[in-house]
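*Asks:* Sequence isn't available, so here's the structure alone:
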């Protein structure tokens, strides 16, 4: 029954984010005005800033309503967001960003808690990696096929289809079985953040999502400056393809060989990738750099649930909430920095954070002794 529920959970997120991520892909053309960049910045700022306090509040609701109800009701915010885009209302977009911030906090805390509590040390990495790989694959496939029809049938039809896809994702969550949420005396995120283990793991989370923030901010501009606008679509997708393949692969291998060595591979890949992106002026070397930072982030996706469960089994939902806080901070940092500094500063900052992450997880693993191996 647990394996069946996990499969439905993976299917639900596959469908939900196929609709949600695809709707974001066409957001700029829907709101095509000379002031769109400001609208986009405000919406993203609202989303990430609101997500930080939301992640501290969300565990209370997840515990109160249970994981299944939390997953289902929070998932309904994603079809609502898609509809707000169709209405072409700036105010609705901002309101939806706030809703998504709170709902997304509940959704991802419940997702991480459900998946880790439904798996064992022998298969947790496998299912974690599989979940994130399918999520990215669903978005990529949907965006690809929609590109053939969007000009023929119009945005309203496309967004209605995306709305239905997201709704199917929510419906899929009705087929999972409910499980216990947390221990009765689990720590609140505010108290958990004071623990040494969380403080040491935080740089690993932050640096991994700093990569994501860099990918959606300065790196595409750098590609355009070096090789031309046409190369953005040729080089940037390497990041997504790498996540599709290696999230699952790293997660599966970590079940067998332990996750410590793959965590080291992740941060070392990040340092090497950022360095190549910083110094490269050829398409090949820049592409290798994108592949390496993609490998770094995909490795984190396959490893973070198993590591968090090993460190904080009794308060895993609070750990997932804090992970969400550091994820948002990691993404937001390069976005904000991009308003004031250039590409080189962003990439060098990424190298520094990755180096700090390497030192912190090395010390973490030395004091916690959590390297599972079978």
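*Replies:* Perfect, thanks for sending it. If you're wondering where the values come from, they're calculated on a predicted model, not measured in any experiment.

*Asks:* unless I'm mixing things up, residue 211 is touching residue 290, no?
*Replies:* No - shown here, residue 211 and residue 290 do not form a contact pair, counting by CB atoms under 8 Å, at 10.1 Å. All C-beta atoms are positioned from the backbone trio N, CA, C, and that covers glycine.

*Asks:* Which of these two has more residues huddled nearby?
*Replies:* The neighbour count for residue 211 versus residue 290, taken as other CB atoms under 10 Å, is higher for residue 211 (26 against 23).

*Asks:* who touches the more buried one in this structure?
*Replies:* 270, 293, 296, 297, 330, 350 (CB atoms under 8 Å, 6 or more residues apart in numbering).

*Asks:* got it, and residue 77?
*Replies:* Contacts of residue 77 by CB under 8 Å, 6+ apart are 96, 99, 100, 102, 103, 104, 107.

*Asks:* which residues does the residue nearest to it when sequence neighbours are not counted contact?
*Replies:* Leaving aside its sequence neighbours, residue 77 sits nearest to residue 103 (CB to CB, 6 or more residues apart in numbering; 3.4 Å). Residues in contact with residue 103 (CB under 8 Å, 6+ apart) are 74, 75, 76, 77, 78.

*Asks:* repeat for residue 127
*Replies:* Contact partners of residue 127, counting by CB under 8 Å, 6+ apart, are 6, 10, 115, 118, 119, 251.

*Asks:* Then residue 75?
*Replies:* So residue 75 contacts 12, 16, 103, 107, 166, 169, 170, 173 (CB under 8 Å, 6+ apart).

*Asks:* so where do the helices sit in the stretch 101-250 of the chain?
*Replies:* Taking DSSP state H, counting those that start in this stretch as the test, the helices found in the stretch 101-250 of the chain are 124-146, 150-153, 155-172, 189-192, 196-215, 218-227, 232-235, 237-257.

*Asks:* So for the third one, mean pLDDT?
*Replies:* Per-region confidence: helix 155-172 scores 88 on mean pLDDT.

*Asks:* do the fifth one as well
*Replies:* Per-residue pLDDT over helix 196-215 has a mean of 93.

*Asks:* What separation do you get for the residue sitting furthest away from the middle of the chain and residue 160?
*Replies:* Farthest-out residue of the chain from its mean C-alpha position, per CA atoms, centre = their mean: residue 152, at 31.9 Å. Residue 152 sits 15 Å away from residue 160, going by CB to CB, to the nearest Å.

*Asks:* Take the helices of the stretch 101-250 of the chain and write them to JSON lines, including distance to residue 89.
*Replies:* JSON lines is the format used below for the helices of the stretch 101-250 of the chain (distance: least, CB to CB, whole Å):
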{"stretch": "helix 124-146", "distance to residue 89": "22"}
{"stretch": "helix 150-153", "distance to residue 89": "20"}
{"stretch": "helix 155-172", "distance to residue 89": "13"}
{"stretch": "helix 189-192", "distance to residue 89": "33"}
{"stretch": "helix 196-215", "distance to residue 89": "27"}
{"stretch": "helix 218-227", "distance to residue 89": "27"}
{"stretch": "helix 232-235", "distance to residue 89": "29"}
{"stretch": "helix 237-257", "distance to residue 89": "30"}
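
*Asks:* Taking the contacts of residue 75 together, which two end up most distant?
*Replies:* The distance between the two most remote of the contacts of residue 75 (CB to CB) is 14.1 Å, for 12 and 103.

*Asks:* will you turn the contacts of residue 211 into CSV that also has pLDDT and secondary structure?
*Replies:* Shown next, in CSV, are the contacts of residue 211 (pLDDT from 0 to 100; DSSP: H, G, I helix; E, B strand; the rest coil):
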residue, pLDDT, secondary structure
270, 97, helix
293, 96, helix
296, 96, helix
297, 95, helix
330, 92, helix
350, 95, helix
